[in-house]
Structures are given as C-alpha cells and as structure tokens.
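>>> Please find the sequence and the predicted model below.
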Protein chains: 2
Amino acid sequence: MPETKVKKEEDFHEWYNEIVELADLCDKRYPIKGMNVWKPHGWRIMQNIDNLIREEMFSTNHKEVYFPLLIPESLFKKEEEHIEGFFQEVFWVTHAGDNELEERWLLRPTSETAMYPIFALWIRSHSDLPLKIFQIVNTFRYETKQTRAFIRVREIHFFEAHTAHVDFEDAERQIEEYKEIASRFFRKLCIPFIFNKRPEWDKFAGAYYTISMDALMPSGRTLQLGSIHQYRDNFARPYNIKYEDVNGEHKYCHQTTYGMSERILGAIVGIHGDNRGIVLPPVISPIKVVIIPIIFKGKEREVLEKCREINDRLKEAGIESHVDEREDTPGSKFYDWELKGVPLRIEIGPKELEKRTVVIARRDTGERVEVSEDNLLDEVRRLFDLISENLYRRAEEFMKNHIATVDTIEEAKNSRAYIFELPWCGEKDCALRMEEELDLKTLGEPLHVDIGDKRCAACGGRAKTFVRLAKTY
Amino acid sequence: MPETKVKKEEDFHEWYNEIVELADLCDKRYPIKGMNVWKPHGWRIMQNIDNLIREEMFSTNHKEVYFPLLIPESLFKKEEEHIEGFFQEVFWVTHAGDNELEERWLLRPTSETAMYPIFALWIRSHSDLPLKIFQIVNTFRYETKQTRAFIRVREIHFFEAHTAHVDFEDAERQIEEYKEIASRFFRKLCIPFIFNKRPEWDKFAGAYYTISMDALMPSGRTLQLGSIHQYRDNFARPYNIKYEDVNGEHKYCHQTTYGMSERILGAIVGIHGDNRGIVLPPVISPIKVVIIPIIFKGKEREVLEKCREINDRLKEAGIESHVDEREDTPGSKFYDWELKGVPLRIEIGPKELEKRTVVIARRDTGERVEVSEDNLLDEVRRLFDLISENLYRRAEEFMKNHIATVDTIEEAKNSRAYIFELPWCGEKDCALRMEEELDLKTLGEPLHVDIGDKRCAACGGRAKTFVRLAKTY
C-alpha cells in the first residue's frame, strides 16, 4: 500500500503538511502567507461541517445572518478591552481607488463590533429577547507566528453565534446550551475534547469569562477548537444594547458568543488521519462509498453494470456514492480514495458478480468483508456506525491516556502525559510558575471540580481547583 | 389587506426600499454606505439561490473552491486592461496592526488575478483540461453612485465560475454551456432576460467579448443579472497559463468566466413583488407553505392538532412548511407571511375540520381554493407549478410588451417601450449618438440577428446588426 513520505508517528507536522496537499484539501502556494486556496475536496468537507453546525443552530432557534466584513475604526474602539486585545492583529483598509478614506476600516477579526450597534437597533423590549443569531464568514487576523493549514491562518473560515438576553442568568442558560451543542457536534465528528475555563489573563478580550474546547493532537499539543464566552453586560454598555422590561424599566442586555473555525478540519485531519491519507467520519465525507470495478478481460460490461446498479441503490437510499470508472488500475484507485479519506470502498469483480456479493473495505481499519448484495444497505449503515464509533474511541483513548492528574510539579515532570492537572490556589503567579517549570501553557480550570484537601503545586497553599497545562497550538 | 405605504406602480424605487426592509431581507443602517446587514429571511433566500447555482454547476462538472480575499498589488497588475478597468474601484489594505505592509493588498472585486497564478501551477498537460471551477464569495467594489440594496452595493455576494481550455473553440463550447445554464437557472427563478453581446467599449476589463444577461425591472430600467466572458488567451499570457498538448507542444490556455451576484435577489424582489410584500418563486422560498390555524373558542385543540398533522404530512413529502402558532389574529399572520413572500398559505378552522378540507391561498394571485385533505399534496405541488408559471409569464409579458424594434431614432422617441432595438452599422459613434438622442445606454447586440437590408438609425449606412438600448441600473 503506498504511504506518505513522512510518517505520522515520526514527524507529525511534516506528515500533516504533506497530507493536507496530497488529499486535495488546500494549496499553500498562494503568495500571501497564511492565506491558502481551498481545493474542491477540502471545501466540500468544510461545507459539510458547516451544515452540521447549521443543523444544531436551527434546531436551537438561532437564525443565520450576514454582517459586513468591514468595520469602521470608531465602532471598533467602543469596548476598551476588546480593542486592546485585537489591535495588533487587525488589517486596515485605508484607501479606495486613489482616495484616502475619511475613516479607516478594519477587516473583522470577529464581529462583535459590527453587530452590536445593530443589535441596539433591533432590540427594543423584552419580547425581542433572547436574540439568537449566527453567521459563517471569512475573518482575518494578522498572525505573526508560523502559519499552518487550517490551524493558524490569516484568512479564517469562521463560525460565530451571538446572543442577547434579559439577564445574566438567562445568558448562563445559553452557555449551558452551547456546551451541549459542542458536545453533540464534536461527537458527530468523532473528536473528543475537554472544556477549560480559561484563566482571567487569557480570556477573550472583553469577556466576563471564556470556556474553551480543547482537543489533543497526536503531536502532544492541544488545539483550541472553539470557545464560548459570557460577556455579561460588558459590550451592552458601550454599545447601548438595552431593552424595556415588563415593568417599563430600561435594562442592559447580557450577551454570549460561541465561536469555532476551520481548525475543526485541522483536528479531523490530524487526529484521524494515517500514513495512507486522511480518514473522514462518514457524516462529513462528500463521498461516503466509492465503488471500484475489478475488471478482467471478458466481463467488463457486466461488472460495470453491476457497479452502477449498486451505486444507484446507494444513492436512492440517500448515501453519497461514486463509481470510479477511470481507466486506471484498481490499486491506484484504492490509493486515491484512501488519500481522500472515503469511509468505505466497495470492490466488485467477476467473482463477486457470480456470487451476488460485494467486498467492502473500511478506510479506518483496512478490514475487508464480503457481503451479500441483499444485505448491502444494512451493512453499509452498520459499518458507518462502527467507523464513527472506532474513530471516536481511538481518539478518546489517546486523549485519556495522555491526561495526568498529579499533585506536584515533580510528578508532572516524570510523567509521559501531554495534559496535566495540578492542584492550584488560583493565583496567576503560581500558574505561571508551573508553566515555566514544565514548559507548558495554562489551559485553565476544569468546569466541575471537587478538589478536596489538596495543596497548590506551586506555592503549597490551599488549592481551590485544578489548573490544566499543556503545550498548545 | 394591509399594503405598503408607497405603491409599486407609483414610485418603484421607494416601494423597493420599503419592501426590502419590511420583508426582513436586509438592514441598511450599517454605518458604511452600501454595506448592508443580511437579515435571516434575506440570507436564507440568497442561500437557496446559491444552492440552485451549485446544482447547475455540479451537474456540469464544475468543482467548488475558495480563493483568498486579498490580492497582492503586483499580481493584480499583470493584465493591463484588467487593472485599468478596476483600479478606481478597489479597496486597499495597507496596514496590519501598527505595521505598514511591504506591498499593498486589495480586496477582490472579482478573482481572476487571485486565481490565475494558481491555475498556472495546476495546469500542466492537456489532461488537466478543461479546468472548471466556481466559488461563491464576498467581493468588494468602491461604488460612488447611489447605492441600492442588492442592486448596487459595495460588499457584493458574488458567484464566479472560471474555466480553462485547450483552445478558443473549446472555450466557445463553454460559453454555450453557460448560456444554457443561465437560461435554465433564471427560468427556475421565473425571471425572463435577454442576452446582449456588450459593445467593445463596455466589455469586461480584459475580456475578448462579454455577453450579459439583462432583465427588465418594473421601473423601465434594465438590470444586468450576470455576464459571461470569453477571455481567449488574454489572461493566460500575462499569467503564463500553459499546457503541453498531445504532441508535446506548450500552448496557452483559453479561458472563460461566468459571474452573477445578489442582484438576482434584487430582480426577484423588484419583478415579482407587489404592494403586500415580496413574492417568492416556490423553488427558493425558505418556507413554501405556511399553515394558519383559524381558531374559535371550543375547537382550539382539534384545529391545532390538524394543522400540525398537515404540517407533518407536508414535511414528510419534502415540502418546507410551518405552522404559525403565535398568539395573534389570523389577519396579522396573513399580513406577515405575505410580506415575506411565502407562496402558499393554508387556513384550517372548525369548518374545514368537519369537512376534512383545507383552504389554500396563493400569494401571487390571492386566489383561495378549498381542497380535500386527501388531495392536499398533489394540489400543493400543482399550485407551485402554477405559481411558477404565472410569475414567469407575467414578467415575460411585461418585458415583451416593452421591447420595441424600430427603424429610426424618431420612432423610438415616440414609442412607450423601455428597450429599443435599432439597426446599427457597428460604429461606436453611431451607438453613442443614439444613446444621446434617446437618453439611453447601449446594452449591446442580440446574439443572433438576421438584419436583412436595413440602414443604421444614426448614420444611414448599411446596418450590420441591431443595437439594443435602454435605461440601466
């Protein structure tokens, strides 16, 4: 079986770079660093991911909108922490044709400052609340660190949900809903993750608190897949987002956001892929079953007809399938579709024709089974479930095996885990000391902790919670 | 029946502005002129339009891609006519954070100059051709004229297909395919249009020739819905897009493009709408049937249950439907859904319950029919076809009644048509004279003309073709 030049287990990042190109996901030769060309296969997978998000959003009563890309500098500057957090990262439009603009406009790094002045117009009374919207758009950040396809780019394919509520408690309920959505969504993509409440010094610029979803990549580094923010009324005040309550009083809204990006695809590539290509969870694979005719002289027509018949049956059952009729060897076709991560391959030759069977090969395990034509649909669906389950379990096991809960920095140093949980008193200095001694970054606190009677691994004071640390992207 | 403040027949543009807001399509209060907020209903309609385009593209073997928004100035400047045509219309990014960029980047007004350097990498041999791709993206043009929702904006929701071919003839075949696609596509949207070969002085910057699709708006002005361009090798040369042919010779590709924008939605709003709101062709309406319970005391539960049952039946049959269960009068619900253009309204009250019937009202004609529950699905589908047919015929009749083929400028002056066809010798000066005398703009030539023995309406010389003129957006 042909394999990648670089092996995943030997040099994860080189392997990742190689596979992203071989699998027709993106082309990195565009002349602006960190702005890549989405190739057809990559873009379709991303759109399938987007549609999974849409399903979740629509079923929880969010509406899809589209706000302009460009934001006037004056609007952007209304929330102080926000501007401070983003100022060094934004691109500025200063000219149109030969004319200098009266006011500079920035390319959205995220859309709070574009949306909230309009929210102030949309929201009048408590009956307009909760307001729940989302959009899927291109955003821009001036990354100065090394770029990496899908993981660190400068034009980002971005999902952002924004909500406004009557009070803090209702916004808190929204946060709970987002946590449930994230759990369902990433389960479908077979990606295990942990929620971390980011520390005060690393929360989103302008947020009251930030919860991140972090996955563990095979490199041992965690990848932030997305985040959920409680804004309280931090934005409602500067943007004057008020409503009239049942008693006629005017009150500020409380707001939340939930953001995710193309990093999701980076996680899928990195976590599920192997040395033969990417491995796609069936739910997002543009083609779910590829059918390869195994042709020997004499039976060409019959084999091809059978392939097409099977293809029609699959399609009728709502399963995206494709017959590869190219003039090429079966072997090189196998290679092609394995690279692209298609979950199931069906092989049909004269032998199968005679027995009224097909051979089905799983992309995730390589296993091949012979199945009677009559059971085909049931078997295909069963295999999809098995693949999905296997991908998730495999990744979950890897993550669980690499999280260590320890009592001391010393213990952490001697562990081969990637993510560490240490007892923590809650002081920034103590977390920074752990970061330094372990050469890791603070992910934050687990959401629900029963710390018991433990001592901070840095200062020895009474621990209030655990702090998680890891190498990060 | 509540109606718009401004009547369509009295002041089309004011009516258009009013209806665009009332129907929840967009919000024009965003602080940058010509950059509007897409509201949920407008965005879903646009996405349904996009998906119709995708269907056409996929079924003709185009692949969907996504190229970066930002284009380095040096890339943009490779094709001289192109840069000249667009230079005054582009927005420039000059800074990132506090840093001035080494080279300015522009926001794509269209993507030739972003794509073609990459095409030069993708295309190696004749077996890579034809290359057929498309993308649906935001583009930017610095419009200085008066902006108008969907019709003249500065951030444009844009569709662009790009192809590369072995020679001019193959590119010509592509143009034929695009003409067929445009005809099928706009027929589905019930929008009649005419093809016009744009005159030399008004073709796309860099094109060998340009064919536009122009619709007639009720204002009497034509609206360019999209255009198809034959580039010959005009871009292939500066961008060095070459392939090796079967004999090992290296040749330049010939290219075409096909572009359309959110103007499609502007045409749908303007052409089909009336004083009660927009009127949507069923194929793109996010909700195709709205069900209104007509509730009187005593039968509330039964009526609501019946509504939900009918809703389930419609959904199971793949027809997007919705029961409006809000606490509001049926009348104000009717008003709401008429504004939003929902093609069919079903009313169910105690009377219908008893007879096992429903009342169906058509949005386009206002007609109401009583239908037995048993025939519901067939009737709904039949009505969709009738609505679609009626919308198209109505618009086609309007257009046909306002095109005049005349021999002289005098005749044109005395006609009440909006689009004029005059015999033309082909000289620019003559077309410009007709433009001036009639206060119209040149649309171009019809594609297939048998002019016979006619004289140019400007100079009296031998006419080679007709030239079409109209007021335009």
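That came through, no problem. Numbering: from 1, shown residues only, chains lettered A, B, ... in the order given.
>>> Do you know the pLDDT at the nearest residue to A:Asn275 once chain neighbours are set aside?
Closest residue to A:Asn275 in three dimensions, ignoring its sequence neighbours and counting by Cβ to Cβ, 6 or more residues apart in numbering or on different chains: A:Glu3, at 4.2 Å. Placement of C-beta: from N, CA and C, glycine included. Model confidence at A:Glu3, given as pLDDT, is 85.
>>> how much space is there between A:Glu3 and A:Ile19?
11 Å (Cβ to Cβ, to the nearest Å).
>>> So for these two, which sits in the more crowded spot?
Set side by side, A:Glu3 and A:Ile19 show more neighbours around A:Ile19, with 24 against 13, by other Cβ atoms under 10 Å in any protein chain shown.
>>> Tell me how far the more buried one lies from chain B.
Between A:Ile19 and chain B the computed distance is 19 Å (Cβ to the nearest Cβ, to the nearest Å).
>>> May I ask you to confirm that that residue belongs to a helix?
Yes: counting by DSSP: H, G, I helix; E, B strand; the rest coil, A:Ile19 is part of a helix.
>>> For A:Phe91, name its beta-bridge partners.
According to DSSP bridges, the residues that bridge with A:Phe91 are B:Ala96.
>>> Tell me if I'm right that it and A:Phe140 touch.
Yes: the pair formed by A:Phe91 and A:Phe140 meets the contact definition of Cβ atoms under 8 Å, at 5.2 Å.
>>> Overlap of the contact sets of these two?
Taking Cβ atoms under 8 Å, 6 or more residues apart in numbering or on different chains as the contact definition, A:Phe91 and A:Phe140 share the neighbouring residues A:Leu107.
>>> re the thing from before, wait, doesn't the residue nearest to A:Asn275 sit right on A:Arg276?
Yes: counting by Cβ under 8 Å, A:Glu3 sits close enough to A:Arg276 to count as a contact (5.9 Å).
>>> Could you work out the end-to-end span of stretch A:414-421 for me?
From its first residue to its last, stretch A:414-421 covers 14 Å (Cα to Cα, to the nearest Å).
>>> For that stretch, buried residues please.
Buried residues in stretch A:414-421, counting neighbours by 16 or more other Cβ atoms under 10 Å in any protein chain shown, are found at A:417-421.
>>> so what's the backbone phi/psi at the residue of the stretch 151-300 of chain A found nearest chain B?
Here the stretch 151-300 of chain A gets closest to chain B at one residue, A:Glu155, 5.4 Å apart by Cβ to the nearest Cβ. Backbone torsions for A:Glu155, taken as degrees, to the nearest 10, come to phi -110, psi 120.
>>> farthest pair in the buried residues of stretch A:414-421?
Spatial extent of the buried residues of stretch A:414-421 (Cβ to Cβ) is set by the pair A:Tyr418 and A:Glu421 at 11.8 Å.
>>> shared neighbours of those two, anything?
Contact criterion Cβ under 8 Å, 6+ apart; residues shared by A:Tyr418 and A:Glu421: A:Ile403.
>>> quick revisit: against B:Ile292, how distant is the residue nearest to A:Asn275?
Distance of A:Glu3 to B:Ile292, computed by Cβ to Cβ: 62 Å.
>>> The residue of the stretch 101-250 of chain A found nearest chain B: neighbour count?
Of all residues in the stretch 101-250 of chain A, A:Tyr142 sits closest to chain B, at 3.9 Å by Cβ to the nearest Cβ. Around A:Tyr142 there are 19 other residues, counting by other Cβ under 10 Å.
>>> Contacts only, for it.
Under the criterion of Cβ under 8 Å, 6+ apart, the contact list for A:Tyr142 reads A:88-91, A:154, B:96-97.
>>> 7 Å instead?
A:Tyr142 is in contact with A:89-91, A:154, B:96-97, counting by Cβ atoms under 7 Å, 6 or more residues apart in numbering or on different chains.
>>> Tell me who's in contact with A:Trp441.
No, residue A:441 isn't Trp; it's Lys. A:435, A:469-472.
>>> Restrict those residues to the buried ones and give me that as a ChimeraX selection.
Here is the ChimeraX command that picks out the buried ones among the contacts of A:Lys441, judged by 16+ other Cβ under 10 Å:
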select /A:469,470
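>>> quick check, nearest of the contacts of A:Lys441 to chain B?
For the contacts of A:Lys441, the closest approach to chain B (Cβ to the nearest Cβ) belongs to A:Thr472, at 21.9 Å.
>>> The closest one contacts A:Gly220, correct?
No: using Cβ atoms under 7 Å as the test, A:Thr472 is too far from A:Gly220 to be in contact (10.4 Å).
>>> most remote residue from chain A's center?
Within chain A, the residue lying farthest from the chain centre (Cα atoms, centre = their mean) is A:Gly298, at 48.6 Å.
>>> Could you measure from that one over to A:Ile292?
The gap separating A:Gly298 from A:Ile292 is 18 Å, by Cβ to Cβ.
>>> likewise A:Asn48?
To A:Ile292, A:Asn48 is 23 Å away according to Cβ to Cβ.
>>> ok, these two, which is more surrounded?
Set side by side, A:Asn48 and A:Ile292 give different neighbour counts by other Cβ under 10 Å, the larger being at A:Ile292 (26 against 16).
>>> How about the contacts made by the more buried one?
Contacts here follow Cβ under 7 Å, 6+ apart; on that basis A:Ile292 touches A:324, A:330, A:333-334, A:345, A:347.
>>> partners of the helix or strand containing it, with directions?
Assigning secondary structure by DSSP states H and E places A:Ile292 in strand A:289-293. Strand A:289-293 has the following sheet partners, assigned by DSSP bridges: strand A:321-323 (parallel), strand A:344-348 (parallel).
>>> what's the distance between the following helix or strand past the longest one and the middle of its chain?
It refers to strand A:344-348. Using DSSP H and E, the helix or strand that directly follows strand A:344-348 along the chain is helix A:350-355. Chain-centre distance of helix A:350-355: 43 Å, with Cα atoms, centre = their mean, to the nearest Å.
>>> averaged over its residues, what pLDDT does helix A:350-355 have?
Helix A:350-355 shows an average pLDDT of 94 in the prediction.
>>> and after it, which helix or strand comes next?
Moving toward the C-terminus from helix A:350-355, the next helix or strand (DSSP H and E) is strand A:357-362.
>>> to the chain's geometric centre, what's the distance from that following strand?
31 Å.
>>> who does that strand pair up with?
Strand pairing for strand A:357-362, using DSSP bridges, gives strand A:344-348 (antiparallel), strand A:368-372 (antiparallel).
>>> B:Pro31 is nearest to which of the ones you listed?
Minimum separation from B:Pro31 across these (Cβ to Cβ) falls at strand A:344-348, 51.6 Å.
>>> For the closest one, which outside residues touch it?
A:288-294, A:303, A:306-307, A:310, A:334, A:337, A:358-363, A:380, A:383.
>>> again, only this time at 6 Å
By Cβ atoms under 6 Å, 6 or more residues apart in numbering or on different chains, the list of residues contacting strand A:344-348 from outside reads A:289-294, A:303, A:306-307, A:358-361, A:383.
>>> Could you do stretch A:180-197 as well?
For stretch A:180-197, with Cβ under 6 Å, 6+ apart as the criterion, the contacting residues are A:56, A:211-215, A:225, A:267, A:281, A:283, A:388, A:391-392, A:395-396, A:399, A:443-445, A:447, A:468.
>>> quick one: buried residues of that stretch?
Using 16+ other Cβ under 10 Å as the burial criterion, the residues of stretch A:180-197 that qualify are A:181-182, A:185-186, A:188-197.
>>> Now do stretch A:327-343, average pLDDT.
Stretch A:327-343 shows an average pLDDT of 95 in the prediction.
>>> touching chain B at all, that stretch?
No: figure legend: stretch A:327-343 not in contact with chain B (Cβ under 6 Å from any Cβ of the partner chain); closest approach 11.4 Å.
>>> Ends of that stretch, what's the gap?
With Cα to Cα as the measure, the first residue of stretch A:327-343 is 23 Å from its last.
>>> which ones among the buried residues of stretch A:180-197 are found in helices?
With DSSP state H as the criterion, helices contain A:181-182, A:185-186, A:188 from among the buried residues of stretch A:180-197.
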